[in-house]
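Student: Using only what follows, build the 3D model:
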Amino acid sequence: MKNIKLNCDILDKLDKTFYSKLNITPLHNPKIVSINRPLANQLGFTSENLNSENFLKFLNGEYLAKGSTTYSKAYSGHQFGYFVPNLGDGRAINLGKLNNYHLQLKGAGLTPYSRNGDGRAVLRSTIREYLLSEAMYALKISTTRAIAMITSDSKVLREYESEQGAIVLRASTSWIRFGSFEYAYMGKNKEQNLKQLADFVIEESYPEFQNVSNKYEELYFAVVDKTIEMIALWQSIGFMHGVMNTDNMSIEGLTIDYGPYAMMEEFDKGFICNLSDHEGRYSFENQPFIAQWNLSVLAKVLSPIADHKLLESYNDTFIGKFKKRYFAIMKEKLGLYNTDIDDTSLILRLFSALHSESIDYNSFFWNISNGDFSSIDTHQMKAWLELYEKRLEKEKVSKESRLVKMKKINPKYILRNYMLQDAIDVAQKGDFSLVNSLLTIAQNPYDEHEEFHHYTQLSKNFKTLKCSCSS
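Tutor: Model prediction:
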């Protein structure tokens, strides 16, 4: 691993109040579960690196690459709408930056921000994050990534049961969150720390604003726009985050911190995937409005260094811009490329039919991408289909070209929670083959994978699994 050199210049660019240096606590008898070789190779890890004993030690925090300094970051956040001043990386330890990606071990032991936690991650939650982050990337949704994961003989107590401790090596172009700015806002040197953090974010993520006079306003506008794009894509694919707290919102518009998430199966616009979300704050239909609310918090904490009225005014455009982008994506999913005044109405009628008939969301779009309408057998769906077929007559694109385009935006596979549970069940017994098969599916969601065709269907045993925050 001599060729791997990390950069920790973030520690020189941010005030010491933003982070704490610390040591990693390795797991006992670690075992590699999976390596995401395409990403690892992209970042500079060679086959020799990945097959070496030092790579396993690297994943377990026993071996540090040249230039690495281990630290965790402090941040605040609004959790379920309530402000919590002291959060931070409670179970994540940063290693440094490699080829524009900040590397981080999640589950690597206690940090000063662990509060009442143990700083550990368990096998099931680690599998879920490892696979879904790569699935989102393949679906062209901005996200953090995962390089590799390990399990171990270390035992971790979760929900009254002892589980296998695990670590995932995460990679992200930024780990700065809305909550990072909330943390800067409440400190003693508020304006100084906000400027320092904002300047760092601009240098790293938005260099085009470095020399403009209103750079902090421009930074905020860009964050709003990136968040709109992310949420529109989430809604179009049926992704539910589950915990859209401000500390789980990325300043780069990345999907971050995969916990009790779910991919929509039987369509239910009010679905709540998080068992801990008793009031439905983070239901599927609420996600755009929560994103806007979180951005209003960001606008407030930036007010000492930016024009708050301008920020709020820009955020007021969020829902309108979101709807425009969302419906544009939905038109593509339906193979509608011309402009028609009734398209929005057609899409809304589809949502109504999908909801009332509890239609499998992803299978519906995959089927129509193959010109297959045989599964549309309810009265409301048949009525919608008549309107859709009439609308298609107005398209200038041939049917063949239309279906080719639709297959590039409507995946055959999404990672349904029961699929992930299947992989978790066998992995807990020491068989990691399904984890790696699902990684291949996640990275190639538009391909056939005939051996796993049954995963295109709803589970016969239960509806969409819900998970808790400990997941």
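Student: What separation do you get for K331 and T344?
Tutor: According to Cβ to Cβ, to the nearest Å, K331 stands 9 Å off from T344. (Each C-beta comes from the backbone N, C-alpha and C, glycine too.)
Student: out of those two, which sits in the more crowded spot?
Tutor: K331 (18 against 14; other Cβ atoms under 10 Å).
Student: Next one: that one, what pLDDT does it get?
Tutor: K331 is assigned 98 on the pLDDT scale.
Student: K188 too?
Tutor: For K188, the predicted pLDDT is 86.
Student: and I376, what does it touch?
Tutor: Contacts were defined as Cβ atoms under 8 Å, 6 or more residues apart in numbering; by that measure I376 touches K382, W384, L385.
Student: Sorry, wrong one. I was asking about Q292.
Tutor: Counting by Cβ under 8 Å, 6+ apart, Q292 has contacts N315, F318, I319.
Student: switch the cut-off to 10 Å
Tutor: V224, T227, I228, I231, N315, D316, T317, F318, I319, F322 (Cβ atoms under 10 Å, 6 or more residues apart in numbering).
Student: re earlier: who wins on neighbours among the contacts of I376?
Tutor: Busiest of the contacts of I376 [other Cβ under 10 Å] is W384, holding 20 neighbours.
Student: which residues touch that residue?
Tutor: L346, R349, L350, F351, S352, A353, L354, E357, I376, T378.
Student: List buried residues within those residues.
Tutor: L346, R349, L350, A353, L354, E357, I376 (16 or more other Cβ atoms under 10 Å).
Student: Spatially, which two of those are the most separated?
Tutor: The most widely separated members of those, counting by Cβ to Cβ, are L346 and E357 (16.5 Å).
Student: Show the pLDDT at the most centrally placed residue in the chain.
Tutor: Among the residues of the chain, the one closest to the centroid is T255, at 2.9 Å (Cα atoms, centre = their mean). If you check T255, the pLDDT there is 98.
Student: Now do the phi/psi pair for the nearest residue to it once chain neighbours are set aside.
Tutor: Among residues not flanking T255 along the chain, T143 sits closest, at 4.2 Å (Cβ to Cβ, 6 or more residues apart in numbering). Main-chain torsions, T143, degrees, to the nearest 10: phi -160, psi 160.
Student: Phi, psi for the closest residue to E395 other than its chain neighbours please.
Tutor: Sequence neighbours aside, N338 is the residue nearest to E395 in space, at 5.8 Å (criterion: Cβ to Cβ, 6+ apart). Backbone torsions of N338, given as degrees, to the nearest 10, read phi -80, psi 160.
Student: Please renumber the chain so that the first residue is 152 from this point on.
Tutor: Shifting the count to begin at 152 puts that one at N489.
Student: N489 against V548, yeah?
Tutor: Yes. Counting by Cβ atoms under 10 Å, N489 touches V548, with 8.5 Å between them.
Student: Pick out whichever of these two has more residues nearby.
Tutor: Neighbour comparison, N489 and V548: the larger count goes to V548, with 15 against 11 (by other Cβ under 10 Å).
Student: Next one, pLDDT for the more buried one please.
Tutor: So V548 comes in at 94 (pLDDT).
Student: Are we agreed that it is in a strand?
Tutor: No. V548: not assigned to a strand; according to DSSP: H, G, I helix; E, B strand; the rest coil it is coil.
Student: which residues touch it?
Tutor: Contacts of V548 (Cβ under 10 Å, 6+ apart): G486, L487, Y488, N489, L554, V555, K556.
Student: for E359, same thing?
Tutor: I353, K366, E369, A373.
Student: can I assume it sits in a helix?
Tutor: Yes. Applying three-state DSSP, one finds E359 inside a helix.
Student: what's the distance between it and F372?
Tutor: From E359 to F372 the distance is 12 Å (Cβ to Cβ).
Student: State the distance from N202 to F196.
Tutor: According to Cβ to Cβ, N202 and F196 sit 10 Å apart.
Student: more neighbours, these two?
Tutor: F196 (22 against 10).
Student: before we move on, the earlier item: read off the pLDDT value for the residue nearest to E546.
Tutor: Predicted confidence (pLDDT) for N489: 95.
Student: And for S621?
Tutor: For S621, the predicted pLDDT is 58.
Student: which helices and strands does whichever helix in the chain runs longest pack with?
Tutor: In the chain, assigned by DSSP state H, the helix with the most residues is helix 366-388. For helix 366-388, the elements it packs on are helix 274-289, helix 329-336, helix 341-356, strand 390-391, helix 438-452, helix 459-466, helix 469-484, helix 512-520, judged by 3 or more Cβ pairs under 10 Å, 6 or more residues apart in numbering; DSSP states H and E.
Student: switch to 7 Å and redo it
Tutor: Contact analysis of helix 366-388 by 3 or more Cβ pairs under 7 Å, 6 or more residues apart in numbering; DSSP states H and E lists helix 341-356, helix 438-452, helix 459-466, helix 469-484 as its packing neighbours.
Student: Brilliant, that's me finished.
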